[in-house]
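Have a look at this prediction, sequence included:
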Amino acid sequence: MRPHLRFTDEVKEALDAGRPVIALESTIISHGFPYPANVECARECVRIAREEGVVPATIAVIGGQMAVGLSEAEVERLGSNRDTPKASRRDLPILMARGSDGATTVAGTMAVAAMAGISLFATGGIGGVHRGAERSFDISADLEEIARTSLAVVSSGAKSVLDLALTLEFLETRGVPVLGYQTDAFPGFYTRDSGLPVDARFDTPDEVARVLQTKWEMGLQGGVLVTNPIPEEYALDPVQIEEIIERAIAEARETGVRGKAITPFLLARIHELTGGASEAANKALVWSNVRLASRIAVALALRVRTRQIGGRQQ
């Protein structure tokens, strides 16, 4: 019923059969890492999902169509073209009408995944309320998308260049549950503990799946943010990374970088200032989130199937 959606055979067959599928974003391919590390990271995400028994659906706009699942050639195409525009919700109809490519952000990926019937999405870190937003009003569309769209987003919190306290306040106001996986603290992306609490802690994928199932069976629309701390061995020193972030933000302000360009600028500068340690950390947390999202997707599919069987028996 969605004429602009295009599925790979693998994804369509899995969705039709009720097998677990997770969505993956494509800005991580076009803007997250330098080439060819971006393509290698994307391939590893796909490999991990399949290893966990889940079908990965990397989402992008390809030639004016919302692609749910990408070929190897399309991943290479996005990874090697640094000029591919970012595609948030507002950009999708424009790019599609023009027949263009687009790399979907968290918000764009969620919008397309919901149309496709996918309920789990793995990413690195969501966007949020930017530092100084009381002056700039710079708040990521990711937050509104999580509030309106019934998907679970597995991430290592919000990107640490943001105002994490205000980001959590926004999510609370919009009624988004923030769950901690094996943690009581909201992760700080590069660090395991931002010093801020989550709404509730859960220690197994099935416990998280039960929350998702309960929420949506109640008819409570909107998403859930599942936070998964970066693996301990890749976590960066919180004092050092904060000093680097402050320096990068000051440089962005001095050079007039703003809007969509600011996050890629900051991440690139942080990569330079950490001597590449932030890139290794970023990859590790993305892969960890893909693995967790896959396990939650398997648990949720089993719960749905069990409920359906029970319903027929009654």
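Perfect, I can see it now.

who's residue 24 bridged to?
residue 58, residue 122 (DSSP bridges).

where's it relative to residue 204, distance?
In this view, residue 24 and residue 204 are 23 Å apart by CB to CB, to the nearest Å. All C-beta spots, glycine's among them, are computed from the backbone N, C-alpha and C.

One more: residue 119?
Applying CB to CB, the value for residue 119 to residue 204 is 18 Å.

What is the burial count for residue 225?
25 (other CB atoms under 10 Å).

Am I right that it is in a strand?
Yes: according to DSSP: H, G, I helix; E, B strand; the rest coil, residue 225 belongs to a strand.

Contact partners for the residue nearest to it when sequence neighbours are not counted?
Excluding its sequence neighbours, the residue lying closest to residue 225 (CB to CB, 6 or more residues apart in numbering) is residue 178, at 4.8 Å. Contacts for residue 178 (CB atoms under 8 Å, 6 or more residues apart in numbering) come out as 168, 171, 172, 186, 198, 199, 225, 227.

Tell me the one of the residues you listed nearest residue 244?
residue 186 (20.1 Å; CB to CB).

shouldn't the closest one be in contact with residue 165?
No: at 9.2 Å, residue 186 does not count as touching residue 165 under the criterion of CB atoms under 8 Å.

Looking at these two now, which is surrounded by more residues?
Applying other CB under 10 Å to residue 186 and residue 165 shows that residue 186 carries more neighbours, namely 25 against 13.

now the helices for this protein?
Using DSSP state H, the helices of the chain run over 9-17, 27, 37-51, 72-80, 92-98, 106-116, 133-136, 141-148, 164-173, 205-217, 238-255, 262-273, 277-313.

and the last one, what does it pack onto?
In other words, helix 277-313. The contact analysis (3 or more CB pairs under 8 Å, 6 or more residues apart in numbering; DSSP states H and E) places helix 277-313 against strand 21-24, helix 37-51, strand 120-122, strand 152-155, helix 205-217, strand 224-227, helix 262-273.

could I have the fourth one exported to PDB, CA atoms only?
Spelled out, it's strand 152-155. Included here for strand 152-155 are C-alpha records, laid out as PDB according to Å, rounded to 0.1, in the frame of the first residue of the first chain:
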ATOM      1  CA  ALA A 152      12.100   0.900  19.900                       C
ATOM      2  CA  VAL A 153      15.400   2.700  19.300                       C
ATOM      3  CA  VAL A 154      18.500   1.000  20.700                       C
ATOM      4  CA  SER A 155      21.300   3.400  21.200                       C
END
